[in-house]
Every structure is written in structure tokens, then in C-alpha cells.
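Visitor: no FASTA, just this:
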């Protein structure tokens, strides 16, 4: 992460460009939130990063979203305003305290900010967080831009306190990662009530829960009444022929596609403002509902007995755009729009002119592990969530499953047991990053130990939550607010969990990695290999002298390309006829001196020793000298 | 006060009613987001409404990165509809090919003369186009190849390429030079880096102007 030393007082007037995430952080600060917790996850990461930079706040990375939720909830119970933020799938992890937190309620206002990765730019599914508000019976706010994201925070916290409920704010990637103008305000003195011992409220025994349940249902009814009056919900009358109900980014797309239509914009979007919806439906000729992902409002409005013309017309996969909205509503019979109907599918960017999928960085320490595992074709490799999921791609093809945070260990154990029950021997490897292991991998390892799994676990410790931008975590020894902290000792931790065969290896030393894997696979019972090199994108990584290829020595074998390093570029190809009559394509390479981080993995793969430190070729000009 | 005025601060009414659509496209690590930040900030300095969309996370790792910047009196959608890009700034030649279909008829295309081969090409799984710039010659609007990466290295750092490209873009965009300069002053912190970027910006702008890329009004030319 970018280190931010020192702190200047934030401006309290003016308009500035802010992402939706920065705006939520700003809104929380201005609303007097003093405790916030999160676990990094795209597209929500920057909420806590931004919040941590404000004065007079406590902001932390928790090991996972469940803990983050519980920390923020604890702060609320102690009578302060609090915030927890996460990506959509993070709320699955935090669902347990959410479901009961709804019954218990709050003391200080409690906001749950969740960002949905609708287009799955960096996620494994596209679940719609609006379901969780319905599931947990808590109110839902949906801003449609940065300014609203900021303004809705204080409104949500006020409602939270008034109605004794956590509030979910649903963002999407196109709110979180879109910058727009935001009007700044001041931070009043934060409220603090202190805890109040009240077991009937805070100790959710079955007897207490049974009493709470009808109250939660009544709360929903009261909230629905309030939604009718909320300033966040407004009718914008335009052309009465077309009426559109929309919330969040769907609103801005629809607004752009149909600038003259009438709109019912829902900012406080659950429970539904039924009275307002009925009034709006009466005032327009044809009613349409524009929603991204699921048709939740559509189903509820239909259940009210109100006809909806857009039923079944909106795409239910991928992000909306003004074009997709226009095409969908053209299909619903809106006459007179100028633009011709457009295909509903987003353009397939992979078609032109070649795909450019995400890849590991040059010098990434994961490459040494993937290079080694990729050569062992008889392994099953259960992968996990992080940069190392990219090990699925060429040239490594060294990841065979990926499900969710921490799944690799349980998956590996289940596979190994299944083969064993079929009387077959199968080597299974689980591959997981440092932060993911601490998030939800430890319990999986415990299961492997407890139940005698013959599984080898790789903990790729690169001292960062890499994919989201190199954030700190309990293994790095630094907190979100840059305090020094206790760093987890992975070797000692695994031993404490009962793993007897634990090795620490340098992933840049290929023979060492190979030897460690061979040893671990030969061991009967659980084994763990921990790697020890930092992510190349964090401060702890020090770039060393770059390497270059001596063209005269390169034999075109392409072995270095098997590392997968993006700094290695093919400059020419040549087809030669081998003695056995087969053709072989040779790939002569060069190394991009700007891209090379000096890790020397490729050097170890080079038979003719053609890869040398930049500049060293001046002294060693002849091949003879080099080989000595 | 209608609903819009309540929710949205008023934009600069000197801007025509149509929103300007700029698409920046490149590869993770090339500085696409920094460059789009300069553009968005220059628009803010000019008193306009602006929305800027970004890509973070997995897609950034050596993959394609795009940033949509929309400038107008009141901008709703943060994303540009397909085929409605007024100006495409491509940070790499093949990316210009990839994103060209998004540009409207009569739009403008600025391309950094740079080829970055991804591992899938180096491994021989896919072919890099023979000559992307040549394929782009048939482009019907204004087309400007800029040796931004080479100029950037000359100017002291390959990281300046994005600012040079923004300089070239400034030649065609209806934003004043002083607002661009203010944006550069806001985005970068140390005096030295601000100066380097100001120089790079002017280098790019003068280059585009010297080739006769007229400051055509992108908004009316459709």
C-alpha cells in the first residue's frame, strides 16, 4: 500500500472529485463514525483505506469479514457510530452476525457498506446484495453516485439509531470506482453513549430471540412507512407515457437513456416505499423497472398487483449501460426512441485482436512455485482466491480448482479422502496465500491435521493482500493505520495446529522449491511449505539489477518462457527440422529492462547461460568467457 | 427546485448540452488511471461536471485497463455507450485496434507508438497484429500516432508517457491549458515531479499542434 506519513487536517468546504468508496469514507467521517473495520476486497477496498486517513478515527483490517462485522457491531453496542465495509462475497462470510445482528439491533448507528462486483471484474460470482437486506430484514440504501454515497451515510446512521437496526448500503463497482464531484462538510463531535447492560437486548438466548422476531417484522412495517416519506425516494415527473422505477447505477443509466421519462428514484430502496410506488404507477401510462442483476423490485411490485411493462426484458447478467437499458425497454414497447435497438450482450472484448488476460507481475515470487508445480503433471492442485489464482493460466496450468476464500484446504482434503475411499493413491496440493490462509484457511488446515489428510499445503506468503493492492494483514506486522504490530509466524502457527512436516523455502530458488515439494509429497500425512518472498508491488520488495539476454548465446529453446514472466519477450521465431524429422519452433528472446525486477528465475532455466545481469556482457564478450 | 438541481450541483453552463466522451485504454501499470485523473481534474478546474470510471483489482494485473471520462453540464452515466467515444487515447498499438470500434464516426484517435506483447503472445498461443498502426490508417476520423513512450524516456522517465498523451489530447479537447496545468499541480506532490509533468504535457501538446491536429471542437463534429 501507499504509506501515508503524517496527517494534515482535511478540508471541510469545497467540491472535490471522489470515488464512491472515498465518498463513503468521507461521509462516515463527517457523520461521526469513529470505529471502522473491513477486509480488503475489490471493489470495496478503498473505503477503509480512505477512512483510515482521517483524524480521530480507529480503522482496521480484520482477518476476515465476519470478524470485521463483529468489531464494528461491538463498537455500535458500546454506543459509538461504526462502519464495516466489504465486497459482496464478504457478506457471505459475515452473514452469521448479520442475521442475528438484525434481531439485536444497535446502540450507536451501524452501517454495513457492501460493494457488488456486478460485472465480475475481480470476483467469482455476481450475487446481488439486495437479497441480504431482505434476508436479514434490515433497511437498504442505494446511492447512484459519489455525492449520494457521501450524503446517504449520515442518513443511514440516523435511521439506524432511530429504528434500532443495522443498515446496509449497497454500492456496485460503478459507484465504488467511479469518481464524481462531492461537496465537503464538517465533522461534528462524535456521539458516544457507552454500553448499557441489557441482556434481553444483547444476549440473544432463544427466549429473547422469540420475543425479538415479531419486533423485527414490525420494524419492517414501520420502515416501509418511513420509506414513503424519505427524501432519498423521489418522483421526478417528466413524460407521463413512460414511468421508470430505478435505484443505484441503474437509475443513471436509465436517466441517460430516457432523459424525458418520469422517474421514481429509490435511494432508500428496501423495504419498498409502496405508497410512493402506487402513486407513481397511477401517474404514468406504462411502468418499467430498471434493475441491475436480479428483478427484486419487479417481483415485489408485481406482487402489489401493479402491471409492469418491462417484465422479463432487462438482462440479468452483466452490468447495465444506457445502451442496454434502451435496448431492453425498446423491447418492452417504448415507442419513439431515436436509437435503433442494440444487442443486449456487452461486447466481447476477448475477440479483438488477441486476449490480454491479467497475469503475474514480472519477478512475482509465485512464479517459482507455479513453474515447479506446473511440471508435475500427476498432481491435483486445489487453488484459492488471490493473485495466485492466475496460476490456472499458461504457461503453468498449475491450479485446478478455485471456489472461495480458504476453500483450497477443505477441497484438497475431500479429494484426497475420495481417492483413498476408492483405494487409489492421489497426491493433492492445496495452494493458498498468506492473507487468505489467515482469513479462512486455518480451520481447513486444522481439519487436515485432525482427520489425518495426506495433503501438501503451500502457503504463498508474500506479506500482502496482493490482488487488492498490497494491503497489510496480521502476517505483515503493520496495521492499517501503520502501527507496528505482531506478525504471525506461519511456520510456528502450522506446527501449533499439529503439522509435523513444515518447510520454509525461497520461491526464487527453483532447486530448493523442487526439493521441498518432493519431500512434502513423500511425507505421509499433512505437510506445509511456506514461501518467504514479498510481493513485488510492496515497499518491502527491493528491485535488484535487471537481466539481459546475450543474443549470441540464446539458442531459442524457450525454457525461460515457462516461468511465465511478462518481462521476457520473443523477438524472433524460427522453425528447425530436428534429427527425428519433426519440426520445432525456436523462440529467441529479449528481456524488457524496464520490466525486469531482477529475480533471476529465468536465469536458472537457461541452459546456454545466455541471461546475464545488465552491463556484465561488456566484460564478457565471448561465449567461452561466459561459460567459465 | 427540481429533483436534479436538488441532488446535483449545477455544472458550468458554458458547456454545450452534449456530454463529451473520452476513453483511455492501455495495460495495467501503464498509468492509464493517473492520466485519466489529470483529464478529470482539468475538467473540474474548468467548472464542469465530470465522471470518471476505473478498473481495479484482478483486471489490473498486466491486463487491459480502461478509464471512461465523461465531461458535461450534468453527467449521468459513468460509462460511455458503445460506439459513442469522441476521443480514444490508446496507450498501446494493439489496444487502439481493440477499442477502435468504440469510437464514433468522425471521432479522434490518439495512439502511443508502443507494442507490449503479453505472455500469451510470447508463448505462441496468439499472434500480435503485424502492424496495428497501418491497420489504423483507414480510420475515418482524426488519427494521431504519438511516440509518447520514446519521448517520455527522453524526458527522463517512461512514466511520463501518460502525461505526454494527455498533452496531445489537450490539443483537441475544449479545456484550457491553465486548467490542465492546475490539474497537474494537484495530482503530483513534489515540485520536481510537477515540473517534469508540466514539461511532458507541453511536449505532447505542441507535438499534436505541430502536426496540424486542429483543436477541432469534438462536441460539434458529429
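Guide: Here it is on my side, so go on. All of these numbers come straight from a predicted model, not from anything done at the bench.
Visitor: Can you give me the distance of residue A:361 to chain B?
Guide: 7 Å (CB to the nearest CB, to the nearest Å). To be clear about C-beta, it is placed using only N, CA and C from the backbone, and glycine gets the same treatment.
Visitor: same question, residue A:253
Guide: For residue A:253, the distance to chain B - CB to the nearest CB - is 5 Å.
Visitor: In this structure residue A:574 contacts residue A:584, no?
Guide: No - judged on CB atoms under 8 Å, residue A:574 makes no contact with residue A:584 at a distance of 9.3 Å.
Visitor: and these two? which has more neighbours close in?
Guide: residue A:584 (13 against 10; other CB atoms under 10 Å in any protein chain shown).
Visitor: what's the pLDDT at the more buried one?
Guide: With respect to pLDDT, residue A:584 scores 92.
Visitor: What strand or helix carries it?
Guide: strand A:583-591 (DSSP states H and E).
Visitor: residue ranges of the strands in chain B, please?
Guide: Along chain B, counting by DSSP state E, strands occupy B:20-27, B:49-53, B:64-72, B:85-90, B:103-112, B:142-146.
Visitor: hey, where'd the strands end up in the stretch 451-600 of chain A?
Guide: All strands of the stretch 451-600 of chain A, identified by DSSP state E, counting those that start in this stretch, fall at A:455-460, A:501-505, A:527-531, A:547-549, A:568-577, A:583-591.
Visitor: and of those, who's closest to residue B:111?
Guide: Proximity to residue B:111 (CB to CB) singles out strand A:568-577 among the strands of the stretch 451-600 of chain A, at 20.0 Å.
Visitor: re earlier: in TSV: the strands of the stretch 451-600 of chain A, plus distance to residue B:186.
Guide: What follows is these, written out as TSV (distance: least, CB to CB, whole Å):
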stretch	distance to residue B:186
strand A:455-460	38
strand A:501-505	46
strand A:527-531	41
strand A:547-549	38
strand A:568-577	36
strand A:583-591	37
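Visitor: Most tightly packed of the ones you listed?
Guide: strand A:455-460 (a mean of 29; mean count of other CB atoms under 10 Å in any protein chain shown).
Visitor: Specify the angle between it and strand A:527-531 in degrees.
Guide: On the basis of axes from the mean of the first three to the mean of the last three CA atoms, to 10 degrees, strand A:455-460 is oriented at 10 degrees to strand A:527-531.
Visitor: which residues of the chain score low on pLDDT?
Guide: The chain I'm using is chain A. A:1-8, A:331-353, A:618-628 (pLDDT under 70).
Visitor: Wait, chain B was what I had in mind.
Guide: B:1-14, B:57-60, B:213-222.
Visitor: For it, which segments count as helices?
Guide: B:3-7, B:32-45, B:93-99, B:119-122, B:132-136, B:148-154, B:161-170, B:177-187, B:191-210 (DSSP state H).
Visitor: Nearest to residue A:55, out of those?
Guide: helix B:177-187 (21.5 Å).
Visitor: can you list the residues that contact that closest one?
Guide: Residues outside helix B:177-187 that contact it (CB atoms under 8 Å, 6 or more residues apart in numbering or on different chains) are B:34, B:37-39, B:41-46, B:163, B:166, B:170, B:194, B:197-198, B:201, B:205.
Visitor: The nearest residue to residue A:263 once chain neighbours are set aside - how many residues pack around it?
Guide: The spatial neighbour of residue A:263 that comes closest, neighbours along the chain excluded (CB to CB, 6 or more residues apart in numbering or on different chains), is residue A:236 at 4.4 Å. Other residues near residue A:236 come to 18 when the count uses other CB under 10 Å.
Visitor: Residue numbers of the stretch 151-300 of chain A in contact with chain B?
Guide: A:174, A:177-181, A:183, A:234, A:236, A:249, A:252-253, A:255-256, A:263, A:265 (CB under 8 Å from any CB of the partner chain).
Visitor: and the residue of the stretch 401-550 of chain A nearest chain B?
Guide: residue A:467 (5.8 Å; CB to the nearest CB).
Visitor: Find the nearest non-adjacent residue to that residue, please.
Guide: In space, residue A:467 is closest to residue A:387, 4.8 Å off (CB to CB, 6+ apart).
Visitor: what's the answer for residue B:128, then?
Guide: residue B:121 (4.9 Å).
Visitor: I'd like to know how far the one you found sits from residue B:29.
Guide: From residue B:121 across to residue B:29, the span is 17 Å (CB to CB, to the nearest Å).
Visitor: still on that earlier bit, tell me the contacts of the residue nearest to residue B:128?
Guide: Counting by CB under 8 Å, 6+ apart, residue B:121 touches A:354, A:570, B:127-128.
Visitor: at 7 Å instead, please
Guide: Applying CB atoms under 7 Å, 6 or more residues apart in numbering or on different chains to residue B:121 gives the contacts A:354, B:127-128.
Visitor: Quick one: buried ones out of the residues you listed?
Guide: A:354, B:128 (16 or more other CB atoms under 10 Å in any protein chain shown).
Visitor: Closest to residue A:616 out of the contacts of residue B:121?
Guide: residue B:128 (30.2 Å).
Visitor: Now for the closest one: which residues touch it?
Guide: Listed by CB under 7 Å, 6+ apart, the contact set of residue B:128 reads A:354, B:94, B:115, B:117, B:121.
Visitor: any chance of the strands of chain B in TSV, plus distance to chain A and mean neighbour count?
Guide: Formatted as TSV, those follow (distance: least, CB to the nearest CB, whole Å; neighbours: other CB atoms under 10 Å in any protein chain shown):
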stretch	distance to chain A	mean neighbour count
strand B:20-27	7	25
strand B:49-53	4	24
strand B:64-72	5	25
strand B:85-90	12	26
strand B:103-112	13	22
strand B:142-146	17	20
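Visitor: Of all these, which one comes closest to residue A:205?
Guide: Shortest separation from residue A:205 across these is recorded for strand B:49-53, at 48.4 Å, computed as CB to CB.
Visitor: Neighbouring strands - and their directions - for the closest one?
Guide: Using DSSP bridges, strand B:49-53 pairs in its sheet with strand A:178-183 (antiparallel), strand B:64-72 (antiparallel).
Visitor: a markdown table for those strands, including distance to residue B:79?
Guide: A markdown table is the format used below for these (distance: least, CB to CB, whole Å):
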| stretch | distance to residue B:79 |
| --- | --- |
| strand A:178-183 | 9 |
| strand B:64-72 | 5 |
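Visitor: Show me which residues of stretch A:489-504 are buried.
Guide: Across stretch A:489-504, burial judged by 16+ other CB under 10 Å covers A:490-491, A:493-494, A:497, A:499, A:501-503.
Visitor: among those, which are in reach of chain B?
Guide: Contacts with chain B are made by none of the buried residues of stretch A:489-504, judged by CB under 7 Å from any CB of the partner chain.
Visitor: Just flag the most distant two among the residues you listed.
Guide: A:497 and A:503 (15.3 Å).
Visitor: and the closest residue to residue A:538 other than its chain neighbours, what does it touch?
Guide: Leaving aside its chain neighbours, residue A:538 sits nearest to residue A:470 (4.3 Å; criterion: CB to CB, 6+ apart). Residues in contact with residue A:470, defined by CB under 7 Å, 6+ apart, are A:1, A:464, A:535, A:537-538.
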